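Colleague: Pasting the sequence and the predicted model now:
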Amino acid sequence: MAVSTSPPADLSAALVLEPVAAADWLVILPVAWCLAIGALLVMLRRPIGLHPFIAVAGLAGLVAIDGLLLQHVIANGPVTMVMGRWLPPFGIAFTVDLTGALFALTAAVVALAGGVYSMADVNDSGRRYGFYPFLMLLMAGVSGAFLTGDIFNLYVWFEVLLISSFGLIVLGSEREQIDGAVKYGFLNLVATTLFLVTTGYLYASFGTLNMADIAQKAEGLRGTAPLMTLTALFLLAFGMKAAAFPVNVWLPASYHTPRVVVSALFAGLLTKVGIYALIRVTVMLLPVEREELSLVIAAVGALTMLVGVFGALAQSDFRRMLGYLVISGIGSILAGIAVGGPGGIGGAIFYALHSMLVMTALYFASGVAAQLGGSFSLSSLAGLYRRHAGFAAISLMLAFAVSGLPPFSGFWPKVMLVKAALDIGAWWLAAALLVTGFLTTIATGRFFLLAYWRDKADDGLAGTVKARIPAAILLPLVALTLLTLTIGLYPEPLLATIQDAAAGLSEPSAYLNSVFPGGVR
Amino acid sequence: MEAWFALLVGIFFTVAIYLLLSKSIIRVLLGVAILGNGVNLLIFTGGRLTRGVPPVIPEGADALAGPAANALPQALILTAIVISFSFFAFLLVLAWRAYEELSTDNTDEMRVAEPQDEPAPPLGY
């Protein structure tokens, strides 16, 4: 055996030598947890009766983990963990700041609500074909995307959640679903491929994939590297993932086709991952370019809002209307990104979190409405108020929330966004936000009028029979509605956290310090 | 050599976009496959193309002596190849199922999820 003659290498220059603090494992735990539960569910292929209970327990655990993580980040600032102990930028870093932790926690809450709802919505064949493993792997992808601090790793998590979402969207294999899945699948794959193209250019210009490293190197490369090209490409790729106009067509073509719980999860999670990535890249990594592109982003945002809400006005199918409302919400978030500053970015983050909760709840409501009224279509859906007055009250609250009316969670982010837009003199953007809110009120109000207050024409008797809604469906719906009401009535703690999160994105020194504790390399 | 590869990547992208814009699902599929390969080639080229120079740091030094091809993009491509291959496989099956269910591979005729003659919402009651 050859004996090495070189002196023993100084490992401290390349490796993290101290053991990771126990609390810091929380950074990676959401992903590891979801993957482990997903793997367990795949192994338990036969006893499908157990699946919902394991998955719901797993998702409740995920909420707890993400809650602890958020608390940890609030107390200690951004936390970093590197894979294989290699020091950043060489080791793949998971870095969690307030924004990531907030998004991860909200996503976990939405997924838990979806998990509970699915107990009544997903039948045996759905379970046998792997609804629950797909759900857990989807959550692994979503959590990973929110927590990672490495841009190629972000791409990988995008693909993880994309392939899980493919599995979920075709579950059941109805003709409609196949049709929707073709459009969803192709256009989303093209979008992630565009993201990969951009990542390739980014690596070629920066020589690093670590987000903190990119953020600190961007200043020095501004004269030589094609940063505007990168930002524009990121905008296109993430805009496509987020269903921004004019690359939004895949969303209304597909979101109404799978079963209700899948639509609800998609509406709550997938477009928001795109928005999160856009916020992360444009606000933290390439802020100067965001500033230069702000007019484009603002125009895209305003058009997305208006196209979304006009689409919603033109739909007679409940779920397709909701699909357009998802798009319209994305427009509001883009407006916040375009405006920038603490108000704009904070408003965008707040709106995204609100939209995750409310859109999921609205899709749940569409499922209940179809169950009570026998249809998703406005022309035949009627008499829901008589069937279940409590459900009608919940639906009205959610309609107010999505329109941005007080006292629900949609009101505050809209106030922040309108104020931020007026502060920089973008009166047309503020006008677009307000007009969108007004038109959303009309769209949802008309829906309420027709589906809830209109009496069913043909039945004198059936309309008066009180319906019962299964607890597994009512519970997540009520919980999400109460959550949006609570946020609307008592926004202070969340608002303060979101403002800190927005400040941490615009001035990422704490983030950089967490990745490079020794200061700039 | 990088310039030629850049040109090649450009050709890949042109072909891919041309195919993606077509109405036939099979051609779109081919476009996706070519686009995936074009991206891989792009990342590969981005990591420098130098033949016969191993990226090995000589003893006693702590950096490479001369320019060598970067090994990291090749690792990235490996990931991207696996992903794009599995997605291609999924989309291929999906396209076949779509052809079976909808008996067309023309995207213009795939209107099951978005019917053309859907009635407008009622104006009153």
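Modeller: Alright, I've got the coordinates. Since the model is a prediction, treat every value here as computed from it, not as a measurement. Residues are numbered from 1 along each chain as shown, chains lettered A, B, ... in the order given.
Colleague: Could you pick out the residues of the stretch 301-450 of chain A near chain B for me?
Modeller: Counting by CB under 8 Å from any CB of the partner chain, the stretch 301-450 of chain A comes close to chain B at A:313-317, A:378-379, A:382, A:446, A:449-450. C-betas here are computed from N, CA, C, even on glycine.
Colleague: Which of those residues fall within helices?
Modeller: A:313-314, A:446 (DSSP state H).
Colleague: Among those, which one has the most neighbours?
Modeller: residue A:446 (18 neighbours; other CB atoms under 10 Å in any protein chain shown).
Colleague: Nearest residue to that one in space, please, no chain neighbours.
Modeller: Spatial nearest neighbour of residue A:446, excluding adjacent residues (CB to CB, 6 or more residues apart in numbering or on different chains): residue B:121 at 7.1 Å.
Colleague: so how far is residue A:251 from that neighbour?
Modeller: The gap separating residue B:121 from residue A:251 is 19 Å, by CB to CB, to the nearest Å.
Colleague: secondary structure class for residue A:368?
Modeller: Of the three states, residue A:368 takes helix under DSSP: H, G, I helix; E, B strand; the rest coil.
Colleague: my guess is it contacts residue A:392, does it?
Modeller: No: taking CB atoms under 8 Å as the definition, residue A:368 is not a contact partner of residue A:392, at 10.3 Å.
Colleague: quick one: which of these two has more around it?
Modeller: residue A:368 (23 against 20).
Colleague: roughly how far apart are the more buried one and chain B?
Modeller: Taking CB to the nearest CB, to the nearest Å as the measure, residue A:368 falls 20 Å from chain B.
Colleague: and what of residue A:386?
Modeller: 14 Å.
Colleague: can you pull the contacts of residue 35?
Modeller: If you meant another chain, say so; for now it's chain A. Shown in contact with residue A:35 (CB atoms under 8 Å, 6 or more residues apart in numbering or on different chains): A:136-137, A:140.
Colleague: nope, chain B please
Modeller: Shown in contact with residue B:35 (CB under 8 Å, 6+ apart): A:190, A:193, B:12-13, B:16-17, B:20.
Colleague: Kindly tell me how buried residue A:434 is, as a neighbour count.
Modeller: 15.
Colleague: quick one: secondary structure of the most centrally placed residue in chain A?
Modeller: Per CA atoms, centre = their mean, the C-alpha nearest to the average position across chain A is that of residue A:272, at 2.7 Å. Three-state assignment for residue A:272 (three-state DSSP): helix.
Colleague: next one: residue B:62
Modeller: coil.
Colleague: Return the distance of it relative to chain A.
Modeller: Distance, residue B:62 to chain A, using CB to the nearest CB: 9 Å.
Colleague: picking up where we left off before, of the residues of the stretch 301-450 of chain A next to chain B, which is the nearest to residue A:328?
Modeller: Proximity of those to residue A:328 was ranked by CB to CB; the top entry is residue A:313 with 10.3 Å.
Colleague: Now do the closest one against residue A:297, distance only.
Modeller: 25 Å.
Colleague: now swap in residue A:311 and tell me
Modeller: For residue A:311, the distance to residue A:297 - CB to CB - is 21 Å.
Colleague: sorry, back to before: turn the buried ones among the residues of the stretch 301-450 of chain A next to chain B into a named PyMOL selection, would you?
Modeller: Buried subset of these, written as a PyMOL selection, criterion 16 or more other CB atoms under 10 Å in any protein chain shown:
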select buried, chain A and resi 313+315+316+317+378+382+446+450
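Colleague: need the residues of the stretch 301-450 of chain A next to chain B in a markdown table with distance to residue B:2 and pLDDT, can you?
Modeller: Converted to a markdown table, these look like this (distance: CB to CB, whole Å; pLDDT from 0 to 100):
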| residue | distance to residue B:2 | pLDDT |
| --- | --- | --- |
| A:313 | 52 | 93 |
| A:314 | 50 | 91 |
| A:315 | 50 | 90 |
| A:316 | 55 | 88 |
| A:317 | 52 | 91 |
| A:378 | 58 | 86 |
| A:379 | 61 | 85 |
| A:382 | 66 | 85 |
| A:446 | 59 | 92 |
| A:449 | 64 | 91 |
| A:450 | 62 | 90 |
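Colleague: Put together CSV for the residues of the stretch 301-450 of chain A next to chain B, with distance to residue A:213 on each row.
Modeller: Shown next, in CSV, are those (distance: CB to CB, whole Å):
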residue, distance to residue A:213
A:313, 46
A:314, 47
A:315, 46
A:316, 51
A:317, 47
A:378, 52
A:379, 56
A:382, 59
A:446, 51
A:449, 55
A:450, 55
